[in-house]
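Novice: Quick check, what structure comes out for this input:
(one chain, ligands or ions: 2)
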Amino acid sequence: MSEVIAKYRLFDRNGNFEKKAEGIALGLTIGSWTDLPHLEQEQLRKHKGRVVAIQETGRETAEGREADVTIAYPSSNFSADLPAILVTVFGKLSLDGVIRLMNLDFSNDLAKRFPGPRFGVKGIRELTGAYGRPLLMSIFKGVIGRDLSYLEKQLRAQLEGGIDIVKDDEILFENRLTPFEERLKLGQQVIAESGKKALYAVNLTGRTSELKEKARRGIELGATAYLFNVFAYGLDVLQELTEDRDIPVPIMAHPAVSGAFTSAPHHGFSTELMLGKLVRMAGADFTLFPSPYGSVALERNAALKTAEMALEENMYKPTFPVPSAGIHPGLVPVLYEDFGIDSIINAGGGVHGHPNGAAGGGRAFRQAIDAVITGRTLEEAAKQHEDLRVALEMWGTGK
Ligand SMILES: CCCC(=O)/C(O)=C/OP(=O)(O)O
Ligand SMILES: [Mg+2]
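Specialist: Numbering: from 1, shown residues only. Ligands and ions are numbered 1, 2, ... in the order given. As a prediction, the model looks like this:
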C-alpha cells in the first residue's frame, strides 16, 4: 500500500498509549470512525490512519512512561512533497506538546518521488580526486567585514594545507566587501591556479524567489558547490535546487536553525530524521551535523544514527556525513573510528587556529588522516610531522 509510516515517541503518566495512538491515527486523517454509518466507513477506509505498533520502552521520564508508537498514513491523503507529508504526520500534532517524531518510512512508490543526492559519495570523490580516506574540508573564518584580498589569502593558505573542499561559513551572506559573484569568481580562479581539484562551497543565500537564478548565475561563473542553510528555508526549497538541471553541482546542507526543532528530548524531530534521512531524500550531497565531541556536541547515538541514515543502502545515492564543530587534528582517530572512511573531517578553528597558520592546520589534519588510515597512532606520526606535533601539543588528542 502507498503510505508513509511515522514512528513517534509518546509520553503518558498513565500509559494510555492505545487511546492516544488511535486518537492520532484518526485525528490526523478522517477524524472519526466508530460512529460513522457502515457505508461511510467503506468510503473512507482508504483514507484512515492505521496504528501499526505500540511499544513501551520501559523508561520512566520526567514526562511519564515512554512508548514508541508507529502509525501509517495513506498516500491518498497528501501530495508527494515533504511539506504535505510533514503537515500530515506532524503538523497540528507537533503543537500538542510532549511528543517527538523519531522516524518516517516511505513506501517505494512514494520514496521514488524524491531525488536524493545528484553526486553522492562516489561523485564527490570523483570531483575532488580524493579516494581511500575521509575528505578534509575547511571553513573560511572571520570573513565578515573583510575584503576579497583577505578571503584570497585565507583560501591560498587552506589550499596549501591540502584541503579537498573549502566552504563559506553559514553566516556569510550577500555583502558589499565579498559579494557572492566576486568571491565565487576569485575562489575558482585561485583554485584553478593551484592546480588542485578542490571544491569551493559558496553560501547560496537571499530570498527564496532569487535562489535559483542566483545559483544558475553562479554556475555560469564556475561554481563547483553550494552551501545551503536548508533549515532556515525548508526541505522543499533544497529539493527545488537539487532537482534543477541548470544547477549541476553538489549541495551541502548546513544544520543552522535545526537545533530549534531537534534538540528537545521530548519534542520536535529526531536529529537523524531531519539531518540524515530527509536532507538526503531532498538531494543534499553533504549533511553537516554537530559531532559528539565538538564545541556544540550532539548526543553520540544521534550523531551516529544521522551518519547511518545518510549512508545506508537504499534507492538514493549516499550523502556524505560531515560531523562538525570544534574539530581539531587530535580528534581524527575518534572521528575515523565513529564515522569511517566515507565521512568528511570539517574544521574552521582547528585549521585557522594552528600556530603555523591555516596551511599548518590543513597539513596537520592530512598527517593525522594519513596516520589513521595506515594504522599508526598520532603520537607516532607526530614524530615525523611538525605540524601534527604542534597541533597535538595545542589541542591534545581524543574526546
Ligand atoms: C555544525 C556546523 C559547524 C560550523 O558551521 C562551523 O562553522 C564550525 O566551525 P569550527 O567549530 O570548526 O570552528
Ligand atoms: Mg559555521
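Novice: Now for Thr242, how many residues are close by?
Specialist: The number of residues packed near Thr242 is 26, by other Cβ atoms under 10 Å. For every residue, glycine as well, the C-beta is placed using N, CA and C.
Novice: how close does Ile124 sit to Lys46?
Specialist: With the distance defined as Cβ to Cβ, to the nearest Å, Ile124 ends up 42 Å from Lys46.
Novice: Between the two, which has more neighbouring residues?
Specialist: Between Ile124 and Lys46, counted using other Cβ under 10 Å, the more crowded position is Ile124 (26 against 12).
Novice: Confirm that that one lies within a strand, as I assumed.
Specialist: No: under DSSP: H, G, I helix; E, B strand; the rest coil, Ile124 falls outside any strand and is assigned helix.
Novice: how close does the closest residue in space to Gly396 that isn't next to it in sequence get to ligand 1?
Specialist: With sequence-adjacent residues excluded and distances taken as Cβ to Cβ, 6 or more residues apart in numbering, Gly396 is closest to Gly330, at 5.2 Å. If you measure Gly330 against ligand 1 using Cβ to the nearest ligand atom, to the nearest Å, the figure is 13 Å.
Novice: okay, now Ala84: neighbour count?
Specialist: Using other Cβ under 10 Å, Ala84 has 16 other residues around it.
Novice: Please apply the same query to Gly375.
Specialist: 7.
Novice: pretty sure Ala253 contacts Gly234?
Specialist: No: Ala253 is beyond contact range of Gly234, at 11.7 Å (criterion: Cβ atoms under 8 Å).
Novice: Could you check which of those two is surrounded by more residues?
Specialist: Comparing Ala253 with Gly234 by other Cβ under 10 Å, the one with more neighbours is Ala253, at 30 against 15.
Novice: got the contact list for that one?
Specialist: When contacts are counted by Cβ atoms under 8 Å, 6 or more residues apart in numbering, Ala253 touches 228, 230, 238, 275, 279, 284, 286-288.
Novice: Repeat the analysis, applying 6 Å as the threshold.
Specialist: 230, 279, 284, 287 (Cβ atoms under 6 Å, 6 or more residues apart in numbering).
Novice: out of these, which are buried?
Specialist: Buried subset of those (neighbour count, 16 or more other Cβ atoms under 10 Å): 230, 279, 284, 287.
Novice: coming back round to it: tell me if the residue nearest to Gly396 really is in a strand.
Specialist: No: using three-state DSSP, the assignment for Gly330 is helix, not a strand.
Novice: Would you enumerate the residues in contact with it?
Specialist: By Cβ under 6 Å, 6+ apart, the residues touching Gly330 are 392, 395-397.
Novice: thinking again about what came up before, show me the subset of the contacts of Ala253 that also lies near ligand 2.
Specialist: Applying Cβ under 5 Å from the ion to those, one finds that nothing falls near ligand 2.
Novice: Make a markdown table out of those and add pLDDT.
Specialist: Output for those, formatted as a markdown table (pLDDT from 0 to 100):
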| residue | pLDDT |
| --- | --- |
| Val230 | 98 |
| Val279 | 98 |
| Ala284 | 99 |
| Thr287 | 99 |
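Novice: how about Tyr73, secondary structure?
Specialist: Tyr73 - assigned by three-state DSSP - is strand.
Novice: And for Val202?
Specialist: Following three-state DSSP, we place Val202 in the strand state.
Novice: For it, which non-adjacent residue is closest in space?
Specialist: Per Cβ to Cβ, 6+ apart, closest to Val202 is Leu184, 4.9 Å.
Novice: Show me what counts as buried in the helix or strand containing the one you found.
Specialist: Assessed by DSSP states H and E, Leu184 sits inside helix 180-194. Neighbour counts over helix 180-194 (16+ other Cβ under 10 Å) mark 180, 183-188, 190-191 as buried.
Novice: Just the closest of those residues to ligand 2, please.
Specialist: Arg183 (15.8 Å; Cβ to the ion).
Novice: ok, now which ones touch that closest one?
Specialist: So Arg183 contacts Leu151 (Cβ under 6 Å, 6+ apart).
Novice: please redo it, this time with the cut-off set to 8 Å
Specialist: Arg183 makes contact with 148, 151, 168, 202, according to Cβ under 8 Å, 6+ apart.
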